[in-house]
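Participant: would you be able to build a 3D model of this:
(3 chains)
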Amino acid sequence: MKRLWRILICLSLIFTMVLTGCASQTPQAPAAQEEGNDANKEFRGEITFNGSSTLAPVISAIATEFIEENTTWDKVDSNFPDKNISIYVSAGGSGAGVKAVLERTTDFGMLAREIKDEEKEKIGDVNEFRLGVDALTISINPENPLAQIRDNLTKEEVKKIFAGEYKYWDELDSSLPHREIVVVIRDLSGGAHEVFQNSIMGDTQIRADAIQSPSMGALVTKIIENKDAIGYASFGMVNQNKGKLIPLKVDGVEPTEENIVNGSYKISRPLIVVKRGELTAPQKTFMDAIMSERGAEIIEEMGFVPVR
Amino acid sequence: MMKRIQSALFALWISVSCVLTIAAGLFIILYIFIKGFKTITWEFLLSNPGGIPIGVEGGIFPAIIGSLLLMLISIVFAFILALATAVYIVFYCESQRLENTAHVIIQCMAGIPSIVLGLFGYTVMVVSLNMGRSLLSAGLTLGIMIFPFIQVRIEKAFREFSKSVLNASYSLGVSKVYTIFRLILPQCRRDIVSSITLAGGFAMGAAAPIMLTGAVIFAPAPKALSSPVMALPLHLYILSNESISMEKSYATALVLIAILITINIFAITLTLWRKEVKR
Amino acid sequence: MRIGFDKAFIILIKVLTLFSLLLLSFIIIFVFKEGYIFFKEVPILKFITGTTWNPLSDPRNLSIFNIILATLYVSLVAIIIALPIGVGSALLLSGYVKERPRLIIRGLIDIIAGIPSVIFGFIGLMVLVKFFEKFFDFPSGESVLAGGILLAVMVLPYIISTCDETMDKLYRKHSPAAQAMGISKIYILRTIVLPQSLRGIVAATVLAFGRAMGETMAVMMVIGNAPIMPRLLGKCQTIPSLIALEMGMAEVGSLHYHALFAAGFVLMVILLMINVALYYVKRSLNR
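Facilitator: The predicted structure is shown next:
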């Protein structure tokens, strides 16, 4: 009896090792079955979205309406079975969205930036949908004395503030109080992080002690609550919080819908949704809803510039 | 004279400490209660989140259901394993070395930060085993997190059981299994239930392990084990961090605390009751 | 029939136990393995002593010295604040409170221990950080101090529970004799209970320290998440909050991903060292 146990234990340990080995490989095999299912028309009434914290509220809003109007799939299209519509949205930043698409833990990835070439390569079969455009405004708190004296910053000034070359507000303009500039940025997974780095900072690093917010919403919250704060708040979110933070002009260009669309406001970014492979039928209907007129209305209501 | 001063200072120290402790505890609970109370209506508790951005209007119903289900799954998973392990270690384990090894492993587990467990849960369950972000992945991860908690308490309860009664039972020819089922478990029932409920509360409040393994920011009330869920702690985190709605954040916090305090009071009354019965 | 059932039950128990222990060991091995993969690329010394963390820059900089330091620093601040308050409260609890109310108060303390960390973080954000910004005029309230205070409140129940257990026993042991000699309660507590409960206090400290170091959510919300050298009033980044923030975007299998595991692994090793140190301290106190 004892011998049997010893053998069993050894086997289990080996099993554990093997499992550990399997766990660290990229999951190709089981996922392949998943794709097969999609093609085999097994109807999945659930759609998952993951990615940008800027886009997440938009998709959630459209999804809520879609579900409220239709409740079950057969009301959307009579060919569909009578199953409940379930749409799930989670946010972790644009980087997380790409990762989730790569690892097949989500149907759609939401990105608030262009998808990189290397990411396209890794995903392989990329299906991209453009929902609209957002811009990164350089915003400050309304109680910041800067708001009274200037409404514009040059690109150089922005760069110096974010790089930490200007540490105190009075270095920017001597009439401002000697208070430390509180720089708020998105963490590495944010689409905004990439966009800002590319369009303004170039090769310069942002100061190491900038406050990293885990989402665009948190970034906006920080600026709203701290009068010495400055950060690259999403245009849409600035509109959602009118009056609570003040967007500044950059190089004389004001962040308005017009300027964003015609390209004169340079710090802009696309709002896109990506999928690996073809869309299934239910996914297609939801995507149509997002790209529809009503979808564009919701996008606009949330302050972004819809693609029309 | 010196002694007088020392004693006086000492008395001051311990009184101030006590006051600070009570003040801190009361402050947290009262603050949330006062700020959150007015937002709580039946509608809030029973409807889905809505509005633009999501969460600004409507309620937190899916999050409540999600949290309760997560707690349930984690408790079931952890309890079965913890009970078996405790039973084995206390009643069946022959070698001291095996027992010590088991204790060391469980101790190590208790020391793993919850976020690392979340990372593990994501890599193994969500990705490799292809379970996807789901109630199951998150529930199991939470179960792993509370397993050491329950196991240690059950083992303690078993060991407190009077050895003489056990020996009497064996010497009468009663099998171990029968003894366990009919004698020990019923007696320890209260301790076991209280430790399970405490652990469940602990699991419900944990946000880190479920962030990657199953919790999302928007989902309807879950219908299957394989669907992602909303959970109260994560919902609170999102609402407050993104300043979607401060009032609703307080209300969500209040609901969470209320559920947890109810669970804790339940567990504590059980222990108190047992102590009374023991008298 | 009964024998069949008995046998089946025993086998079931053994299987379940084996499964749980294997699962737990698997997790420990898993974390170690994923971290180890990282150490093959970046030498462990550089990882621990370098001071730049920037996974997206080119070349990548993945060193967590600042972060380790900050994790220790924040927990240390928490212990420094919580220890006197906790020990003091436990002393009063053991000496001055009768049996029944003691259980109730212990219950209340357990309730505080049960408050989830997100709620602490939430309160920290709403109350502490704002307080620092308003009253002390910090440019930004997120700081090591905020994290420390928050953690202190969170570990307070653990310290009080652990200390109280020891102190209560001691008090009951010495109280009758001491009171018969006419010594005041304060004197008993001060000169007898306190010095003798040193072991319990050390155990409580280690327990609290471990808890503080592993805390994720609450700390993440109030420390500012900047991986720089920590100063008391400055921002910092701790290992758990680093993992939580970057976990979402680190692709499984990438170097960044393994770096996060390596950081978690380092954290576990530090916790292990503290526990081992405790074991030796306990042993020496026993002599």
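Participant: what helix or strand is residue 110 located in?
Facilitator: Unless you meant another one, I'm taking chain A. strand A:108-111 (DSSP states H and E).
Participant: my bad, chain C
Facilitator: Under the criterion of DSSP H and E, residue C:110 resides in helix C:99-114.
Participant: which residues sit against that helix?
Facilitator: Under the contact criterion C-beta atoms under 8 Å, 6 or more residues apart in numbering or on different chains, helix C:99-114 has outside partners B:21, B:24-25, B:28, B:198, B:201-202, B:205, B:260-261, B:263-265, B:268, B:271-272, B:275, C:93, C:97, C:153, C:156-158, C:160-161, C:164, C:168. No exception for glycine: its C-beta is placed from N, CA and C like everyone else's.
Participant: is residue A:246 in a helix, a strand, or coil?
Facilitator: Recorded secondary structure, residue A:246: strand (DSSP: H, G, I helix; E, B strand; the rest coil).
Participant: how many neighbours does it have?
Facilitator: 19 (other C-beta atoms under 10 Å in any protein chain shown).
Participant: how about the contacts made by it?
Facilitator: A:139-142, A:144, A:147.
Participant: number of nearby residues for residue 198?
Facilitator: The chain I'm using is chain A. Residue A:198 is surrounded by 13 other residues when neighbours are defined as other C-beta under 10 Å.
Participant: that's the wrong chain, I meant chain C
Facilitator: Burial of residue C:198, expressed as a neighbour count using other C-beta under 10 Å, amounts to 12.
Participant: got it, and residue C:174?
Facilitator: 17.
Participant: likewise for residue C:242?
Facilitator: If you count neighbours by other C-beta under 10 Å, residue C:242 ends up with 26.
Participant: can you classify the spatially closest residue to it that is not a sequence neighbour by secondary structure?
Facilitator: Nearest-residue entry for residue C:242: residue C:67, 5.7 Å, with adjacent residues in sequence omitted and distances by C-beta to C-beta, 6 or more residues apart in numbering or on different chains. Taking three-state DSSP as the rule, one finds residue C:67 in the helix state.
Participant: roughly how far apart are residue C:67 and chain B?
Facilitator: Between residue C:67 and chain B the computed distance is 13 Å (C-beta to the nearest C-beta, to the nearest Å).
Participant: ok, residue 263 - contacts?
Facilitator: Answering for chain A, as no chain was given. Contacts for residue A:263 were tallied using C-beta under 8 Å, 6+ apart; there are none.
Participant: wait, I meant chain C there
Facilitator: Listed by C-beta under 8 Å, 6+ apart, the contact partners of residue C:263 are C:35, C:64, C:67, C:239, C:242-243.
Participant: which residue is nearest the middle of chain A?
Facilitator: A centroid search over chain A (C-alpha atoms, centre = their mean) returns residue A:52, at 1.5 Å, as the residue closest to the centre.
Participant: surely it and residue A:97 touch.
Facilitator: Yes - at 6.0 Å, residue A:52 and residue A:97 qualify as touching, with contact defined as C-beta atoms under 8 Å.
Participant: overlap in contacts, the two.
Facilitator: Taking C-beta under 8 Å, 6+ apart as the contact criterion, the residues that touch both residue A:52 and residue A:97 are A:110-111.
Participant: all helices for the stretch 151-300 of chain A, in order.
Facilitator: Along the stretch 151-300 of chain A, the stretches classed as helices by DSSP state H, counting those that start in this stretch are A:155-163, A:169-172, A:191-196, A:216-225, A:235-240, A:257-262, A:281-291, A:293-301.
Participant: ok, which of these comes nearest residue A:112?
Facilitator: Closest to residue A:112 of the helices of the stretch 151-300 of chain A is helix A:191-196 (C-beta to C-beta; 3.5 Å).
Participant: quick one, what contacts the residue nearest to residue C:242?
Facilitator: Residues touching residue C:67, when contacts are defined by C-beta under 8 Å, 6+ apart, comprise C:53, C:227, C:236-239, C:242, C:263.
Participant: domains for chain A, by residue range?
Facilitator: A:2-134+A:270-306, A:135-268 (automatic domain parsing).
Participant: dump the ones you listed to JSON lines, plus mean pLDDT.
Facilitator: Rendered in JSON lines, the data for these read as follows (pLDDT from 0 to 100):
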{"stretch": "domain A:2-134+A:270-306", "mean pLDDT": "76"}
{"stretch": "domain A:135-268", "mean pLDDT": "85"}
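Participant: so who does residue A:241 touch?
Facilitator: For residue A:241, counting by C-beta under 8 Å, 6+ apart, the contacting residues are A:220, A:224, B:243.
Participant: re earlier: what does the strand holding residue A:110 contact?
Facilitator: The set of residues external to strand A:108-111 that reach it, using C-beta under 8 Å, 6+ apart, is A:47-52, A:55-56, A:59, A:91, A:94, A:97-98, A:100-101, A:191, A:270-275, A:283.
Participant: whichever helix or strand comes after it near chain B at all?
Facilitator: Along the chain past strand A:108-111, the next helix or strand (assigned with DSSP H and E) turns out to be helix A:117-123. No - counting by C-beta under 8 Å from any C-beta of the partner chain, chain B has no neighbours in helix A:117-123; the shortest distance is 14.9 Å.
Participant: show me what counts as buried in helix A:117-123.
Facilitator: If you call a residue buried by 16 or more other C-beta atoms under 10 Å in any protein chain shown, then helix A:117-123 has these buried ones: A:119, A:123.
Participant: off-centre distance for it?
Facilitator: With C-alpha atoms, centre = their mean, to the nearest Å as the basis, the distance from the averaged C-alpha position of helix A:117-123 to the chain average is 18 Å.
Participant: contacts for it?
Facilitator: Contacts of helix A:117-123 from elsewhere in the structure, counted by C-beta under 8 Å, 6+ apart, are A:98, A:101-102, A:126, A:274, A:276.
Participant: taking chain B, what residue is nearest to chain A?
Facilitator: Of the residues in chain B, the one nearest chain A is residue B:242, at a distance of 2.3 Å by C-beta to the nearest C-beta.
Participant: count the residues that sit near the residue in the stretch 1-150 of chain B positioned nearest to chain C.
Facilitator: In the stretch 1-150 of chain B, the residue found nearest to chain C is residue B:17; the distance is 2.8 Å by C-beta to the nearest C-beta. The tally of other residues near residue B:17 (other C-beta under 10 Å) stands at 22.
Participant: for it, what are phi and psi?
Facilitator: Listed backbone geometry of residue B:17 is phi -60, psi -50, with angles given as degrees, to the nearest 10.
Participant: around chain A, which positions in the stretch 101-250 of chain C sit nearby?
Facilitator: Along the stretch 101-250 of chain C, the residues adjacent to chain A under the rule C-beta under 8 Å from any C-beta are C:130, C:133, C:139-142, C:220, C:224-228, C:234-235, C:245-246, C:248-250.
Participant: among the residues you listed, name the ones in strands.
Facilitator: Using DSSP state E, no member of those falls within strands.
Participant: buried subset of the residues you listed?
Facilitator: Here, 16+ other C-beta under 10 Å leaves C:133, C:139-142, C:220, C:224-228, C:234-235, C:245-246, C:248-250 buried among those.
Participant: chain B next: which of the residues you listed are close?
Facilitator: The overlap between those and the neighbourhood of chain B (criterion: C-beta under 8 Å from any C-beta) consists of residue C:248.
Participant: circling back: can you tell me which of the contacts of strand A:108-111 are in strands?
Facilitator: The strands in this structure, assigned by DSSP E, contain A:47-51, A:91, A:270-275 from the contacts of strand A:108-111.
Participant: out of those, which touch chain B?
Facilitator: Answer for those near chain B (C-beta under 8 Å from any C-beta): A:48, A:91.
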